[in-house]
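# sequence and predicted structure, then a few things I'm wondering about:
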Amino acid sequence: MRLTDSVTEIKGIGEKTAKLMEKVNIRTVGDLILSYPRDYDRYEPPADVGTIKTPGIYAVAAVIPGRPEVKLTARVKVITANLKDDSGILRAVWFNMPYLANVLKPGGRYIFRGRVVRNRYGLVMEQPAVLGFDEYDRLLHTRQPVYNLTAGLTNKTMRKAVYSALEALPVQKDYLPEWIRKKEELSEYNYAVRTIHFPKNEEELLFARKRLVFDEFFLFILCLRLLRGSNEKKKNGFPVKPGREALKLQNELPYDLTGAQKETLQDILKDMGSDSLMSRLVQGDVGSGKTIVAVLALLSVVESGYQGAMMAPTEVLARQHYESVTKLFSDHKIPCRTVLLTGSMTAKEKRLVYEQIAAHEADIIIGTHALIQDKVVYDSLGLVITDEQHRFGVRQRELFSKKGGEPHVLVMSATPIPRTLAIILYGDLDISVMDELPAKRLPIKNCVVGIEFRPNAYKFIAKEVASGRQAYVICPMVEESELMEGENVVDYAKKLRSQLPPSIRVEYLHGRMSAQQKDAVMGEFAENRIQVLVSTTVIEVGVDVPNATVMMIENAERFGLAQLHQLRGRVGRGGFQSYCIFINASEDSEKNKRLEILNKSNDGFYIALEDLKLRGPGDIFGLRQSGLMEFAIGDVFTDADILKEASEAADAVLKEDGGLTSEKYRVLRERIDLELFRRVDSALAL
Ligand SMILES: Nc1ncnc2c1ncn2[C@@H]1O[C@H](COP(=O)(O)OP(=O)(O)OP(=O)(O)O)[C@@H](O)[C@H]1O
């Protein structure tokens, strides 16, 4: 078996399972092996039902007294049953597992193991695994991997598949130079991969993990340095002068740019006017006003006779940018032709835009990844603005070069990370930091409360809406089932409608809606035709509706602090006093402590540092900082030390052999090429 083989080569994996795996981005045996567990389950002896008083993961040995109840809702099949032992009864619920109705025999005794949550029925065990007594005995006290799943793909299937694949794969050559392994005290590669999936104990797990985290950072940094090498001193084919219209617009804005905005704009214009191409990162906290800086830069590019493109991570954002930019230009009578290009547009609409772009009848092109598809041919693209998730835009520049010349690249990031780490992670870019919020902003008022506060929160939302404002309510995605994500938000919106005055329009937004549906809802919310928006975290990045003043986050304890900070950043963007209500549904005081950090501060850099202190390097499976660079296993915050070591090691290797061309580094070079291919490929696949 080879890493590049399809997963169907693995014993027991058929087409159907392969399709499901594809949904979690697993196509080859290599993908599967590199899908590290996101957590580990420890199997404890079953608890007495009567002793379960708080949410958490439990196993119980219980009887099903009667026939399980099967209910069909519009989208899911729900099975409920009572789990009974001598000490009490616990309700269990399964979604979309119809065959269980036949497995669970009335009067049968099993072990049920799963997450107990508190909902409107009280404590309920959700989606428990049903196990035989012998089976459970074998698992007792072991650590079992928990994988990322999708509806229909069970953890058991994943575990078995990984196990079979590891058995069948030949030993791989370790690409990490021996001296680095010795110096950093890292384990051997094959051992590390096997152990990360099936650790015997905590100590082994940590040892294996360190090696894999190191690898991930080391390879990433080497890629960056090698790219940087090829980007350096590239001749500027698009010299840009500060534009008159751009200056006029800046002067006519209803506000003054902050000092940080001005400095950043100067950095950008200086770069684009210099002899070499720009590769710059703008790092600015939520709401620091990155968009207007981007627009002013684009305008100068257009005035110098070129085109500019702005690539947003989602369709909703692309449309939002497009609408605000066109409005801005028409309000200020700026003759700049702006077009929108997204994947969900019809073929006919797209074709028209392609023609406009090719004929240079479009000056600024705003869109999603559709902007770099083969069919798009630019006349003279001078600047590409992209966000940090697509930072390999620097690499994608090469794709543009085939289309008529390499553009300047500006990467926008709202992730606050300490400068020392930024220099390592963004080593291929020059950095401008926007660490200043517009002056007239009122700081957001925060509170962390329990679920009993909900009625008050709803009253508060009603009051704010009565005075003309709007609100967001965020529900977390429900793990393990994509289907339920929508369901949850839909149910919540229904419930909220019944609790708020009928004059308030409540709508919802979730990831499974089509781009058109999402756009329609966002558009109506932006125009205040919807007052309360119930949403999953699809709303997280960049949405800008300054009239919204309340952000209420349900199950705030389930989110990472950086993500909560981003969510909170959706309010407090206009001149009105804004509020953020964090609902903590857990009874865990540690979680309260984390949320208190947000309660105390609105400063992203401070929050990131405090979060790091509180979690400490031991807390490896804590909540990950979402959206940050998408490392599979490493966490740039908690693994900051490993990151620094990896950076030093990468420097040392490159000092010895700048192009990694010697025989000694052949295996490493092959691995790097694969990595470069993978990253660019996945950035393009979005
Ligand atoms: N100097 C300024 N003074 C007052 N308001 C400003 C200033 N600069 C930008 N704004 C306004 O602040 C709001 C937030 O700006 P913007 O959307 O650019 O934030 P951002 O930095 O992109 O944040 P996020 O990362 O959260 O999307 C916008 O409504 C914008 O019009």
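Sure, I can see it.

# how many neighbours does the residue of the stretch 251-400 of the chain found nearest the ligand have?
Relative to the ligand, the nearest point of the stretch 251-400 of the chain is G289 (2.8 Å; C-beta to the nearest ligand atom). All C-beta spots, glycine's among them, are computed from the backbone N, C-alpha and C. Neighbour count for G289, taken as other C-beta atoms under 10 Å: 20.

# what separates Y99 from G152, distance-wise?
Here the criterion is C-beta to C-beta, to the nearest Å. By it, Y99 lies 12 Å from G152.

# same thing with P46?
27 Å.

# who has more neighbours out of the two?
With neighbours defined as other C-beta under 10 Å, P46 and G152 compare such that P46 has more, 19 against 16.

# what comes up buried for stretch 598-610?
598, 602-605, 607-610 (16 or more other C-beta atoms under 10 Å).

# average pLDDT for that stretch?
Across stretch 598-610, the average pLDDT comes to 81.

# first to last residue in it, what's the distance?
10 Å (C-alpha to C-alpha, to the nearest Å).

# what ranges in this protein fall below the confidence cut-off?
Applying pLDDT under 70 to the chain picks out residues 74, 227-233, 388-404, 477-487, 540-542, 587-590, 612-630, 676-686.

# got the residues of it near the ligand?
255, 257-258, 261, 284, 286-292, 414, 438, 542, 544, 546, 569, 573 (C-beta under 6 Å from any ligand atom).

# wasn't N82 part of a helix?
No. Using DSSP: H, G, I helix; E, B strand; the rest coil, the secondary structure at N82 is strand, not a helix.

# neighbours of it, how many?
16.

# would you map the strands across the stretch 251-400 of the chain?
279-284, 307-311, 338-341, 364-367, 381-387 (DSSP state E, counting those that start in this stretch).

# the ligand versus A556, what's the distance?
A556 sits at a distance of 18 Å from the ligand (criterion: C-beta to the nearest ligand atom, to the nearest Å).

# I'd guessed that residue sits against N584; true?
Yes. Contact criterion C-beta atoms under 8 Å: A556 and N584 qualify, at 5.6 Å.

# the more surrounded of these two?
Using other C-beta under 10 Å as the criterion, A556 and N584 rank with A556 on top: 27 against 23.

# please name the residues that touch that one.
Shown in contact with A556 (C-beta atoms under 8 Å, 6 or more residues apart in numbering): 448, 564, 582-584, 595.

# which residue, other than its chain neighbours, is closest to it?
F582 (3.9 Å; C-beta to C-beta, 6 or more residues apart in numbering).

# which residues touch the one you found?
F582 makes contact with 446-449, 553, 556, 564, 595, 598-599, according to C-beta under 8 Å, 6+ apart.

# with only the CA atoms kept, save the host helix or strand of it in PDB.
Following DSSP states H and E, one finds F582 within strand 579-583. Extracted in PDB, the C-alpha atoms of strand 579-583 (Å, rounded to 0.1, in the frame of the first residue of the first chain):
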ATOM      1  CA  TYR A 579     -23.100  44.900  24.100                       C
ATOM      2  CA  CYS A 580     -21.900  41.400  24.100                       C
ATOM      3  CA  ILE A 581     -23.600  38.700  26.200                       C
ATOM      4  CA  PHE A 582     -21.600  35.500  26.600                       C
ATOM      5  CA  ILE A 583     -23.900  32.700  27.800                       C
END
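
# which positions in whichever helix or strand comes after that strand come out as buried?
Per DSSP H and E, strand 579-583 leads on to helix 589-600 as the next helix or strand towards the C-terminus. For helix 589-600, burial by neighbour count (16+ other C-beta under 10 Å) applies to 591-592, 594-598.
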